[in-house]
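Undergrad: Sharing a model prediction with you, sequence too.
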2 protein chains.
Amino acid sequence: MTPKTTFFDLQTGFAPETESVSLKRSLSTIKSIFSNQEKAEEILSSEDRLVYEFYDLGIPEKEGNIAYGTSILYPGKVGDEFHMTKGHFHTILDTGEVYYCLKGHGMMMMENPEGDVEYREMRAGHSVFVPGRYAHRTINVSDTEVFVTFFAFRADAGHDYGTVESKGFRKLVVSDGQGGYKIIDNPKWNSI
Amino acid sequence: MTPKTTFFDLQTGFAPETESVSLKRSLSTIKSIFSNQEKAEEILSSEDRLVYEFYDLGIPEKEGNIAYGTSILYPGKVGDEFHMTKGHFHTILDTGEVYYCLKGHGMMMMENPEGDVEYREMRAGHSVFVPGRYAHRTINVSDTEVFVTFFAFRADAGHDYGTVESKGFRKLVVSDGQGGYKIIDNPKWNSI
Ligand SMILES: [Mn+2]
Ligand SMILES: [Mn+2]
């Protein structure tokens, strides 16, 4: 392949000049990830909502390539739970990923199959390296600001969304009722 | 390993909170990369000069890991040739790398062993994917502004600086005498 240039706005994360469109995840398509299903349905009964979007530039999925792009996670809550991404393991489990926060205030939530849970707060300028074997999801803990990250991983890593979809993450990030967040056990976490 | 958080200032590229120090490349240590050796010696006869610095966070060199950091390339010229990095092939030749420009105005210069030359201009917000097999070097084409990039590559890729050191790159980026740059053939390029 030849070199690829893509402009990602450092403030918004958007790539208006690329032929790749961002992949949009609205609440209706990911509602099952939120703990409070009644609240999700209540929101959806009036209108759908964009939770996040991200770019997939279509870098060939070769082990020597790096896939990268931006992720744009909008502020909002479903009940007391903050907007978040679906989260996934990599299909090649032991492949890591780096995220670099361009804007906002978020959280990287991680857990591995052994049950080790790790989370890292991120503000503009913070990079987080997610080691191999860790499922990962980002969470926007701001009530007002978009959470924007630039990410990079081995292009052949692959995405396993199913495991997280059926089991959930062990921890939830919810409002503390005072403008901040707290980490709580996921009452619906499925150990099977 | 456990997740790693590192703050890289989005404006300057500096990571003041990390235990990793930046690796500094002064003119005295890289003078041989510049075309005009007489000019390099003349500059060094009065004082040395920092050309660039970058971070190596020491991410373990495993094939599933991503190594990443920032590179800070200072403005300046040696004769009519702009400040640039040494440039390298990856030891695992067919491994790529993504660079994301945080600030400034630069150039990614690339060439593969077959002699294909590619170059891409970069300003804040531009990402460039350097495909596998391409030697790569960044060049600051601004007379006044620092050129700052965030980079990510497979942590086991390895660096081969020797080939570029002995052969040079096929093209040079030099001042056009009117505040801009031009790309010219490297008269000293060594095809052997
Ligand atoms: Mn991932
Ligand atoms: Mn490299």
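TA: Yep, it's here. Numbering: from 1, shown residues only, chains lettered A, B, ... in the order given. Ligands and ions are numbered 1, 2, ... in the order given.
Undergrad: Please make it C-alpha for all contacts and neighbour counts, starting now.
TA: Noted.
Undergrad: List the neighbours of the longest helix belonging to chain A that are in contact with it.
TA: Of all segments of type helix in chain A, defined using DSSP state H, the longest is helix A:37-46. Applying C-alpha atoms under 8 Å, 6 or more residues apart in numbering or on different chains, the contact partners of helix A:37-46 are A:L27, A:S28, A:K31, A:F34, A:V78, A:G79.
Undergrad: how about a markdown table for the residues you listed, with secondary structure, distance to A:A15 and neighbour count added?
TA: Shown next, in a markdown table, are the contacts of helix A:37-46 (DSSP: H, G, I helix; E, B strand; the rest coil; distance: C-alpha to C-alpha, whole Å; neighbours: other C-alpha atoms under 10 Å in any protein chain shown):
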| residue | secondary structure | distance to A:A15 | neighbour count |
| --- | --- | --- | --- |
| A:L27 | helix | 22 | 22 |
| A:S28 | helix | 24 | 16 |
| A:K31 | helix | 26 | 19 |
| A:F34 | coil | 28 | 22 |
| A:V78 | strand | 28 | 21 |
| A:G79 | coil | 31 | 18 |
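Undergrad: Quick check, A:W189 in contact with A:R170.
TA: Yes - using C-alpha atoms under 8 Å, A:W189 makes contact with A:R170 at a distance of 5.7 Å.
Undergrad: Mind checking which of the two has more residues around it?
TA: A:R170 (20 against 16; other C-alpha atoms under 10 Å in any protein chain shown).
Undergrad: gap between the more buried one and chain B?
TA: As judged by C-alpha to the nearest C-alpha, to the nearest Å, A:R170 and chain B stand 17 Å apart.
Undergrad: same check, this time on A:S142
TA: 19 Å.
Undergrad: Return the residues in contact with that residue.
TA: Going by C-alpha under 8 Å, 6+ apart, A:S142 touches A:P75, A:G76, A:G104, A:H105, A:G106, A:G180.
Undergrad: Need the nearest residue in space to the third one, chain neighbours excluded.
TA: Meaning A:G104. Nearest residue to A:G104, sequence neighbours excluded (C-alpha to C-alpha, 6 or more residues apart in numbering or on different chains): A:F147, at 4.3 Å.
Undergrad: For that neighbour, give the beta-bridge partners.
TA: For A:F147, the beta-bridge partners are A:L73 (DSSP bridges).
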